[in-house]
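**Student:** Structure, please.
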Amino acid sequence: MKSLMSLWSRLAEESASLCHTSANRDINTVSVRIEHEGLSFLTITLPSLGKATQKWLDQGEAGIHPSFLVERGGSLPRFLGGFFNRVFDRRSGLLLDEPCIASIQAIRQLTLMFSKMQLECSPARQTAAVRNYIKCEQEVRLFDSNVKESDLLDFREMSNMLFGNVFTQVDRDIYYGRVIPRHGPGSTADGLSGNGKFNQAVWTNRLQAVFPAGENLIPNWRFNLELEKVTYLEPGQEQPVKVTLVPKTLKTPRVIAMEPTCMQYMQQAVLHCFLRHFDKDDFLSKVIGFDDQAPNQEFARCGSIDNRTATLDMSDASDRISNQLVKTMVHQWPHFSAAVDATRSRRAIMPDGSIQRLAKYASMGSALCFPIESMVFLTLIYLGIQKSLNRPLCRQDILNFVDSVRVYGDDLIVPVDHVTPIVQSLEHFGARVGLDKSFWTGKFRESCGREYFNGHDVSIVHVRQALPARRKDVTGVISTVSLRNQLYMLGYWRTCDWLDGYIMKILKYFPYIHSSSPVLGRITFLPYLTEELDPYLHSPIVRGYVVEAKPPLDHLEGSGALLKCLLKLDNGATLRGKVPWHHPDTLEEQFSSKLWAKPPMVLSEHLERSGRPKSIGIKLRWRSPF
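**Tutor:** Here you go, the predicted model:
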């Protein structure tokens, strides 16, 4: 707690210097409130002020926050008042004609920096998250019972216009058996290990009707005797998805659902078949994103300038997508529809052991959850536009909105002129728009982790982990080094000097490096110092700590080993007959791939080790500084 308070104080002092104000009283306030309220002040109370400030920027007027006193004779919070006075008028609270961009970023940085610390919530908050999951399920059932047939018909016609060409090609591939399964990197409900997944011996009758086990569980028909070991489950015997909680913030955990291995296996097959045709569609690739957030971020930046586009954020996005809507969307393609239904789990086992029958299509954890929800949201956006224009849309109308509509999961870009009917359309079909994180009135926009005000990037750096006290806290060390380097890139150099001193008490070697170096070091715009020359390459090298992590031992042989060798991910499509190269999985969101010091494991190792590393370490090595 003391180190986090010191970090906040350093940032406050440097931000005040950059904005030509003072933060002494703010530092005292934070110190006193942390003493009385604890970590929750940094991770819950301060972020609530930051989120309120974002809405004030969007609405053009500051309001009253219940957790902070207002200035006497004014309408702005007394806390961070020096910064607020450079953004809003002190008396009226109205947004200034030319607010200080540096002060906007400072307010956001000082209030939101601890909002995404990955800490375990209290049992009460975990219970509340599970209750909300069940509540979403009940609301989906209520939607299913109240939805009109005419609404479903409109939804079907719009989705056919948007996705008909791609769905037809996917339907054909499934009919001819041109889909190849693969295992995902995540954990499964039945707890099989990475290589153990290739020896799975459980299949469902629903899968068997669409994806026969003989075509997917064995390398070829010479191994048909292996099928005698397979257990086929009736729908009532299928293993439910396992609902589990993972750390997200101190306010609320993230609720995910681990799929059974056989389901995840064939979900990946359908997903990659879909993506193969999706990438070739000129229209869909412009309005839906699955692996590139940059277009959404650029739309948000432009929208903050010209006010043509709004940014919408969905609450409990995947948990509110009705399976009835998904069935309506794919109804006209029988083989694709059967595949989508067969790979969907129908029940969930809750943390308390109770079984919940699912009306939603799928929770986070299903390989098809992200693309399905994206397609549903895109359909609802165009239904909202159609309602706004009060006439049926044709293909040309849809193409005309390519420059103002974009979907990336639950991050939506929509035209401001039609935003109200779009919000109504989304909520009419069971979705819920997070109005506190949606912006379209003023000059503030946010999408896919980037925030803009009037074209200026006011994005911030988040603290993900507590500052480490020793080198054995590898996760904390890596996160803190990443935090230091992100703050350096934003120009908080005095704070970086303090962090450098803190880190160097833990890491004996902390060299200056370029951003592409695998070494845990200090990114700098200045020339880095060369310590030695590589004896073979004669290129500069420095001494520093490098992240090392090995997948756990997981021996695989026999038909399962052959099957793994024949399933190879190649340019987004799974093909048989290629050598499988195994890339280590990323450890945390903030761990960049540049931290991996070793190349991918080759054929000689992947049958002995597989899965996500159970532990990570840092080793002292000589490596390139760039």
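**Student:** in this protein, which helix has the most residues?
**Tutor:** helix 149-175 (DSSP state H).
**Student:** Output the contacting helices and strands for that one.
**Tutor:** helix 261-278, helix 284-287, helix 323-329, helix 334-342, helix 369-389, helix 395-400 (3 or more Cβ pairs under 8 Å, 6 or more residues apart in numbering; DSSP states H and E). Heads up, the C-betas are built off the backbone N, CA and C, glycines and all.
**Student:** Mind listing what's buried along the second one?
**Tutor:** Of all the residues in helix 284-287, those buried under the rule 16 or more other Cβ atoms under 10 Å are 284, 287.
**Student:** Packing partners of that helix?
**Tutor:** The contact analysis (3+ Cβ pairs under 8 Å, 6+ apart) places helix 284-287 against helix 149-175, strand 406-408.
**Student:** Helix or strand next in line after that helix, which one?
**Tutor:** Note on helix 284-287: by DSSP states H and E, the next helix or strand toward the C-terminus is helix 294-306.
**Student:** can you check the fourth one too?
**Tutor:** With elements assigned by DSSP H and E, the helix or strand that comes after helix 334-342 is strand 347-349.
**Student:** Dump the helices and strands packed on helix 284-287 to a markdown table, plus mean pLDDT and distance to residue 482.
**Tutor:** Output for these, formatted as a markdown table (pLDDT from 0 to 100; distance: least, Cβ to Cβ, whole Å):
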| stretch | mean pLDDT | distance to residue 482 |
| --- | --- | --- |
| helix 149-175 | 97 | 38 |
| strand 406-408 | 97 | 23 |
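**Student:** low-confidence ranges in the protein?
**Tutor:** In the predicted model, the chain carries pLDDT under 70 at residues 568-604.
**Student:** Show me which parts of the longest helix of the chain are buried, residue by residue.
**Tutor:** 151-152, 154-156, 158-163, 166-167, 169-171, 173-175.
**Student:** now stretch 239-252
**Tutor:** In stretch 239-252, the ones that count as buried by 16+ other Cβ under 10 Å are 239-245, 248-251.
**Student:** And stretch 74-91, what's buried?
**Tutor:** Using 16+ other Cβ under 10 Å as the test for burial, stretch 74-91 gives 74-77, 79-89.
**Student:** and the end-to-end length of it?
**Tutor:** Terminal residues of stretch 74-91 are spaced 4 Å apart (Cα to Cα, to the nearest Å).
**Student:** can you list the residues that contact that stretch?
**Tutor:** 15-16, 19, 21-23, 26, 29, 49, 56-57, 61-62, 64-65, 68-71, 73, 92-96, 99-100, 103-104, 106-107, 110-111 (Cβ atoms under 8 Å, 6 or more residues apart in numbering).
**Student:** before we move on, what about stretch 323-331?
**Tutor:** Residues outside stretch 323-331 that contact it (Cβ under 8 Å, 6+ apart) are 143-144, 147, 152, 155-156, 159, 163, 167, 336-337, 340-341, 344, 358-361, 372, 375-376, 379, 429-430.
**Student:** which residue ranges form the helices in the stretch 51-200 of the chain?
**Tutor:** Assigned by DSSP state H, counting those that start in this stretch, the helices in the stretch 51-200 of the chain fall at 81-84, 101-112, 123-146, 149-175.
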